[in-house]
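K.L.:
What would the 3D arrangement of this be:
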Amino acid sequence: MKKIFLVVLLALLPFSINAESKLNQIITSGELKVGTTGDWDPMTMKDPATNEYKGFDIDVMNELAKDMGVKITFVPTEWKTIVSGITAGRYDISTSVTKTPKRAEVAGFTNTYYKYGTVPLVLKKNLNKFSTWESLNNNKVTIATTLGTSQEEKAKEFFPNSKLRSVESPARDFQEVLAGRADGNITSSTEANKLIITYPQLAIVPDGEKNPAFLAMMVNKDDKIWNDYVNDWIEKKKSSGFFNKLLAKYNLKSL
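P.N.:
As a prediction, this is how the structure comes out:
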C-alpha cells in the first residue's frame, strides 16, 4: 500500500520522473541497493558470524527502504572503491562518507545528518612521547592510513614530515598501531571513542579535535531527482526526531 501511495505521490510532482533516475528504478524494481564497507563502528559494521550489517547508518538505510515500501540489499564495498561503486551504478546510494572536495568531483552528496572531529590514536604506553598532534609530525614517526578514506587525504595534510604507511581493506590503519608497525593513525572522534573501549591499549592524543567533518550519503552526481527525494526525506526525519533517537541509541553527540 505504501509503495502504491509513493507512486501516486510522484505522479503529482511538478516534474516528470526521468527514466534514468534511480528513484524511478528503485520504485519499479522494488529494491534499494546500498553500498557499505561494514568496517566503521558504530556507523556500519558487518557481523562475520551472520554476514549481517548493523549500526547507525544501517538503521538509517533500513528506515529509508521501509518508508519507500521497498526491500533493501546491502552491497559490500571498500573505501578505495566506494566512490566508483556510485559512478558505475553498482548501488543506488552509499552509507555515510565524509564530504571531501575530491569525492565531490565525481559523486553527489545528500544533506548532512552527522558531523565529527578528527583525532590521532597512539598506543597508551606512548602517550608521554606523543602528547600532541605536532609530536607526530616528524620524519621518525610512521602514520598509518587506510587506502581510500578521507583520513588518508588528511594525514598528508596534518603530518607532511611523517612517513605514511597505507593499508588496504579489510586491514585497518589502527591495526598497524596495535601491531607496532606504525606510531599512530587518525580517525573520526566517533570511531576513536569506540576503539579505545574495544582496545584499551590504544589512547586518543589529548590535544583536541581538528578538522570538523560532515557526513552524508553519496548518490549519482547528475541524478537531481533522487538526490532531492533523499534530502527531503532526511529533513523530515530530522524534524520527526528520528536522528536524535538514533544518536541516543548509539551514544553519539547531538547534531
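
K.L.:
Can you name the residues that contact residue 199?
P.N.:
Taking C-beta atoms under 8 Å, 6 or more residues apart in numbering, we find residue 199 in contact with 174, 178. The way it works is simple: take the backbone N, C-alpha and C, and place the C-beta from them, glycine included.

K.L.:
so where's the stretch 1-150 of the chain shaky on pLDDT?
P.N.:
Scanning the stretch 1-150 of the chain for pLDDT under 70 picks out 1-19.

K.L.:
can you pull out the strands in it?
P.N.:
For the stretch 1-150 of the chain, the strands defined by DSSP state E, counting those that start in this stretch cover 31-36, 39-40, 44-47, 52-54, 71-76, 93-94, 97-98, 107-109, 114-123, 142-146.

K.L.:
The second one pairs with which strands?
P.N.:
Partner strands and pairing direction for strand 39-40 (DSSP bridges) are strand 44-47 (antiparallel).

K.L.:
do the same with the fourth one
P.N.:
Strands flanking strand 52-54 in the sheet, each with its direction: strand 44-47 (antiparallel) (DSSP bridges).

K.L.:
And the partner strand, what's buried?
P.N.:
44-46 (16 or more other C-beta atoms under 10 Å).

K.L.:
Take the residues you listed and lay them out in TSV including distance to residue 82.
P.N.:
Formatted as TSV, the buried residues of strand 44-47 follow (distance: C-beta to C-beta, whole Å):
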residue	distance to residue 82
44	11
45	16
46	14
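
K.L.:
So which of those residues is the closest to residue 92?
P.N.:
Nearest to residue 92 among the buried residues of strand 44-47 is residue 44, at 15.9 Å by C-beta to C-beta.

K.L.:
could you measure the closest residue to residue 238 other than its chain neighbours against residue 224, distance?
P.N.:
Distance criterion C-beta to C-beta, 6 or more residues apart in numbering; nearest residue to residue 238, sequence neighbours excluded, is residue 113 at 6.9 Å. In this view, residue 113 and residue 224 are 19 Å apart by C-beta to C-beta, to the nearest Å.

K.L.:
So for the two, which residue has more residues nearby?
P.N.:
Per other C-beta atoms under 10 Å, whichever of residue 113 and residue 224 has more neighbours is residue 113, with 22 against 15.

K.L.:
check contacts around that one.
P.N.:
60, 96, 215-216, 234, 238, 243, 255.

K.L.:
So which of these sit within strands?
P.N.:
Among these, the ones falling in strands (DSSP state E) are 215-216.

K.L.:
Take the contacts of residue 113 and lay them out in CSV including distance to residue 177 and neighbour count.
P.N.:
Putting the contacts of residue 113 into CSV (distance: C-beta to C-beta, whole Å; neighbours: other C-beta atoms under 10 Å) gives the following:
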residue, distance to residue 177, neighbour count
60, 30, 24
96, 24, 24
215, 24, 22
216, 28, 22
234, 35, 20
238, 36, 14
243, 32, 21
255, 30, 11
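
K.L.:
Show me the contacts of residue 113 that map onto helices.
P.N.:
Applying DSSP state H to the contacts of residue 113, the entries found in helices are 60, 234, 238, 243.

K.L.:
which stretches of the stretch 151-255 of the chain aren't confidently modelled?
P.N.:
Across the stretch 151-255 of the chain (using pLDDT under 70), the flagged ranges come out as 254-255.

K.L.:
can you give me the helices in it?
P.N.:
173-178, 189-198, 224-240, 242-249 (DSSP state H, counting those that start in this stretch).

K.L.:
Can you point out the buried residues in stretch 22-34?
P.N.:
22-27, 32-34.

K.L.:
wait, which of those residues is closest to residue 106?
P.N.:
Nearest member of those to residue 106, counting by C-beta to C-beta, is residue 22, at 15.9 Å.

K.L.:
Excluding chain neighbours, what is closest to that closest one?
P.N.:
Spatial nearest neighbour of residue 22, excluding adjacent residues (C-beta to C-beta, 6+ apart): residue 226 at 4.2 Å.

K.L.:
Show the contacting residues for the one you found.
P.N.:
21-23, 92-93, 219-220.
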